[in-house]
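Chemist: how does the following fold in three dimensions:
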Amino acid sequence: EPSHNSIFQGTELFLATFFLLELIARICTSKWAFILGKAWMENIVEAVVVVSTFALDLAETNNEFARIARSLRFGRVVRFIMKTKVLLPLRFMMSSMLNCGPTLLWSM
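Modeler: Numbers count the residues shown, from 1 in each chain. Reported below is the predicted structural model:
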């Protein structure tokens, strides 16, 4: 029976591989616009985050930088949800939860 740690590492490696393949597909379709386009800085930051998390997951490193990189990778998913019009109900639910946070903290 696999341990929880090995399942977690396998899932992390799968997600890192998926994000790396998605990045490669975006680079292939955008070509020079990936680096020279309007969102060039955002693309470079995403590329660094994706490649570094893939390398860290491949090396099975679990340090502070790996946690920060995974958090940044999660930010990519949130940004995707916020930009996609098909996921409007999910976007509405997420913004509602984020907007009620200050009120919740104030009531404590």
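
Chemist: and the helix or strand where R70 lies, what's its mean pLDDT?
Modeler: Assigned by DSSP states H and E, R70 belongs to helix 64-83. Mean pLDDT, helix 64-83: 75.

Chemist: tell me which residues are up against it.
Modeler: If you take CB atoms under 8 Å, 6 or more residues apart in numbering as the criterion, helix 64-83 is touched by 12, 15-16, 19, 46, 49-50, 52-53, 56-57, 87, 90-91, 94. (Glycine included, C-beta is placed from N, CA and C.)

Chemist: these, buried ones only, as a ChimeraX selection?
Modeler: To isolate the buried ones among the contacts of helix 64-83 in ChimeraX, judged by 16 or more other CB atoms under 10 Å, type:
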select :12,15,16,19,46,49,50,52,53,56,57,91
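
Chemist: among the contacts of helix 64-83, which two are most distant?
Modeler: Across the contacts of helix 64-83, no pair lies farther apart than L56 and R91, at 29.8 Å, counting by CB to CB.

Chemist: tell me which stretches of this structure form helices.
Modeler: Secondary structure of the chain by DSSP state H: the helices cover 4-30, 33-36, 40-58, 64-83, 88-99, 101-107.

Chemist: tell me the most buried of the ones you listed?
Modeler: Mean neighbour count (mean count of other CB atoms under 10 Å) peaks for helix 40-58 among the helices of the chain, with a mean of 17.

Chemist: just give me how far that helix sits from the chain centre.
Modeler: Put simply, helix 40-58 sits 9 Å off its chain's centre (CA atoms, centre = their mean, to the nearest Å).

Chemist: lovely, talk soon.
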